[in-house]
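# how would this look folded up:
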Amino acid sequence: MSGWPHGWLLPEWPAPASVRACVTTREGGVSRPPFESLNLGDHVGDDPIAVTRNRACLQQLLGCRPAWLNQVHSAHAVQADPAEVATADALWSALPGVACAVLTADCLPVLFCDRAGTRVAAAHAGWRGLAGGVLEATLRELAVPAGELLVWLGPAIGPGAFEVGPEVRAAFVATHAEAVEAFRPSGHEGRFMADLYQLAKIRLAACGVTAVYGGGFCTYSDTRFYSYRRVPRTGRFASLIWLQ
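Numbering: from 1, shown residues only. Model prediction:
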């Protein structure tokens with residue numbers, strides 16, 4: 001958590017030197033309340049001029065071009081292209097200077113790289129996308145052996161704050177029986193507290209990916225980050241990964 005402005009996070013993982021990654025926070029932009037201040041989401045009702053200025057500032061700080069997505073909670077992954085806003089929830093790149101960017105405000109951002117430092121990817125994993133296979137789709141697009149991959153789990157809503165209905169639990173348990181361990185009764189009849197981090201690890205492990213880092217954040221309780229569950233009318237922060 002040093003070396004970047006506004007308290008941005010740097011993943012703690014053994015990525016090769018050619019791989020760079022960061023997570024923005026709420027601070028350092030020009031958006032006014034309730035989006036203050038570094039809102040990077042252009043779909044949340046913020047002033048478009050403010051979002052454009054925030055994104056321009058981000059690009060200048062990164063020294064590379066972010067590729068953005070129209071995120072729809074799908075299991076679709078595409079190759080990153082800064083000139084196009086694709087409708088998908090994951091993107092990958094093998095080109096230096098192109099940042100794979102995902103926007104979140106409680107959903108799980110997942111960053112990928114290969115040990116050789118030649119490919120990177122980012123996925124937006126809300127519970128629907130996670131249950132639908134967005135991580136698996138990203139792995140297919142990366143086309144890297146599972147043992148050669150490193151994964152970092154960024155800031156998402158924590159298991160102490162993410163209450164869900166029985167349909168969410170059923171969606172995960174239907175494909176991975178061990179996912180039952182990621183849910184505990186919430187105290188409200190028929191509802192559960194869900195652990196997105198554990199659910200992601202279960203699905204990655206089923207694909208042979210075990211070098212998984214990060215986790216342990218909670219966007220709901222950590223006010224450095226936007227949280228839709230904490231304040232429904234809010235902005236989005238970005239998790240980005242790129243090759244130098």
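
# Distance of the residue lying farthest from the centre of the chain relative to residue 165?
Centroid-distance maximum for the chain: residue 189 at 30.3 Å, with Cα atoms, centre = their mean. To residue 165, residue 189 is 11 Å away according to Cβ to Cβ, to the nearest Å. Placement of C-beta: from N, CA and C, glycine included.

# now residue 31
Computed as Cβ to Cβ, the residue 31 to residue 165 distance reads 33 Å.

# what's the answer for residue 78, then?
Taking Cβ to Cβ, one finds residue 78 at 31 Å from residue 165.

# biggest helix in the protein by residues?
helix 48-62 (DSSP state H).

# So which bits of that helix are buried?
For helix 48-62, burial by neighbour count (16 or more other Cβ atoms under 10 Å) applies to 50-51, 54-55, 57-58, 62.

# would you list those in a markdown table and tack on pLDDT and distance to residue 112?
Output for these, formatted as a markdown table (pLDDT from 0 to 100; distance: Cβ to Cβ, whole Å):
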| residue | pLDDT | distance to residue 112 |
| --- | --- | --- |
| 50 | 98 | 31 |
| 51 | 98 | 26 |
| 54 | 97 | 25 |
| 55 | 97 | 23 |
| 57 | 94 | 26 |
| 58 | 95 | 21 |
| 62 | 93 | 18 |
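
# can you map out the helices along this structure?
Counting by DSSP H, the helices of the chain are 48-62, 127-132, 134-142, 166-173, 196-206.

# Tabulate those helices (CSV), appending distance to residue 240.
Below are those laid out as CSV (distance: least, Cβ to Cβ, whole Å):
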stretch, distance to residue 240
helix 48-62, 7
helix 127-132, 18
helix 134-142, 15
helix 166-173, 27
helix 196-206, 18
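
# Which one of these lies nearest to residue 228?
Residue 228 lies closest to helix 127-132 among the helices of the chain, at 12.6 Å (Cβ to Cβ).

# And the closest one, what does it pack against?
helix 166-173, helix 196-206 (3 or more Cβ pairs under 8 Å, 6 or more residues apart in numbering; DSSP states H and E).

# Export stretch 15-26 to PDB, keeping only CA atoms.
Output of stretch 15-26 as PDB, limited to C-alpha atoms (Å, rounded to 0.1, in the frame of the first residue of the first chain):
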ATOM      1  CA  ALA A  15       3.900 -11.600  -9.700                       C
ATOM      2  CA  PRO A  16       6.800 -11.200 -12.100                       C
ATOM      3  CA  ALA A  17       8.300  -7.800 -12.500                       C
ATOM      4  CA  SER A  18       6.600  -7.200 -15.900                       C
ATOM      5  CA  VAL A  19       3.200  -7.400 -14.300                       C
ATOM      6  CA  ARG A  20       1.700  -4.300 -12.600                       C
ATOM      7  CA  ALA A  21      -1.500  -4.000 -10.700                       C
ATOM      8  CA  CYS A  22      -3.400  -1.700  -8.400                       C
ATOM      9  CA  VAL A  23      -6.800  -1.000  -6.900                       C
ATOM     10  CA  THR A  24      -8.100   2.600  -6.700                       C
ATOM     11  CA  THR A  25     -10.000   4.000  -3.700                       C
ATOM     12  CA  ARG A  26     -12.600   6.700  -3.300                       C
END
